[in-house]
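Novice: Sequence first, predicted model second:
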Amino acid sequence: MISASIVLYHTKMQQVQEVILSYAPAENRKLYIIDNSETQHPEYKYFKKMAYVEYMFIGENLGYGKGHNIGIKKAIEEKTEYHIVLNPDLCFNPAIIDALINYADKNPDVVYILPKVMYPNGETQYLCKLLPTPFDLMLRRFLPNIGIFKKLNDRYVLRNSGYNRIINPPCLSGCFMFMRTKTLEKYELFFDENFFMYCEDFDLIRRLHRIGKTIYYPYVQIIHDHGRESYKDFNMLKMHIKSACKYFNKYGWIADKERKKENKKILNEICVEMKLDRS
């Protein structure tokens, strides 16, 4: 059995229904819905009537990671084989989950998988990354994506990998987090609840990467209607900056030996693969 969790915060019902239909809860697919809204949306009561769905109304905004930790703990309690952290703004064919399970079953050293992620217009989202430096995050948010800045950003998001092959980056997006539940249980891996929102995925994936492979798997895809809220809302921008500061306080702003080692490793692996492609 596998499980998945979705955290809601005054999320539009239509959006939630789309990701639920994509996941397709069934006897072997349990879904946990954690509602962080302060007041319960009347339409959300519909979730209580759905088979294989467990709806939990919290009544306060716990934060993204703390909300999903409830789902991860439920997955561990119910001994599901895999657990998926889902953003509510996703759409995909339910069959991709079977493909990911098949790949993970054949590769026991894999602890995390991210499928290919597309925008609704069909463009690729470049969500494989190096472990970030403060400059990387500042570059993406405040500097123009042209000239030398574009080259630096392309390096950060591993754009030269082609996004058409399996790679094992140390940092990936957390919009769709396919994880091995036994690994989460054995190493007590949960979201760090010091992060209210933003960077909690970077932190958890970094810790997972120490244990096993965190894989980008481009042979199945999902659609992510990414709103980039911190680009539109000043309060969300402040929250993003605050979380980034917590991340670098935890791992190091300048001196980060792990970052240097892992970034060099993935860049070398991509370079070798590209040379093999040309030969």
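Specialist: Nice, I can see it.
Novice: what's the longest strand in the chain?
Specialist: strand 213-224 (DSSP state E).
Novice: Please name every helix or strand in contact with that one.
Specialist: Here strand 213-224 touches strand 90-91, helix 95-106, strand 110-118, going by 3 or more CB pairs under 8 Å, 6 or more residues apart in numbering; DSSP states H and E. Yep, even glycine has a C-beta here, placed from its N, CA and C like the rest.
Novice: Tell me where the stretch 151-279 of the chain has strands.
Specialist: Using DSSP state E, counting those that start in this stretch, the strands of the stretch 151-279 of the chain run over residues 171-172, 176-180, 213-224.
Novice: Ok, the stretch 1-150 of the chain next?
Specialist: Under DSSP E, counting those that start in this stretch, the stretch 1-150 of the chain gives strands at 2-8, 29-35, 53-57, 82-86, 90-91, 110-118, 128-129.
Novice: what residue ranges in the chain are flagged as low confidence?
Specialist: Filtered on pLDDT under 70, the chain yields the residue ranges 227-232, 275-276, 278-279.
Novice: Name the residue closest to the centre of it, please.
Specialist: G174 (1.1 Å; CA atoms, centre = their mean).
Novice: quick one, what contacts that one?
Specialist: V85, N87, E200, D201, F202, L204, I205 (CB atoms under 8 Å, 6 or more residues apart in numbering).
Novice: Which one of those is nearest to I166?
Specialist: I166 lies nearest to I205 out of these, by CB to CB, at 16.1 Å.
Novice: From what I see, the closest one and Y216 are in contact.
Specialist: No. Using CB atoms under 8 Å, I205 makes no contact with Y216, being 11.1 Å away.
Novice: Overlap in contacts, these two.
Specialist: L172.
Novice: ok so, going back, could the helices and strands packed on strand 213-224 be laid out in JSON lines, adding mean neighbour count and distance to D154?
Specialist: Below are those laid out as JSON lines (neighbours: other CB atoms under 10 Å; distance: least, CB to CB, whole Å):
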{"stretch": "strand 90-91", "mean neighbour count": "18", "distance to D154": "25"}
{"stretch": "helix 95-106", "mean neighbour count": "15", "distance to D154": "27"}
{"stretch": "strand 110-118", "mean neighbour count": "22", "distance to D154": "17"}
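Novice: between those, which gets nearest to P134?
Specialist: When the helices and strands packed on strand 213-224 are compared by CB to CB, strand 110-118 sits nearest P134, at 23.8 Å.
Novice: Mind listing residues that contact the longest helix seen in the chain?
Specialist: Scanning the chain for the helix with the most residues, using DSSP state H, yields helix 257-278. Under the contact criterion CB under 8 Å, 6+ apart, helix 257-278 has outside partners 130-131, 133, 155, 158, 160-162, 165, 167-170, 206, 209, 251-252.
Novice: I'm done for today, thanks for sticking with me.
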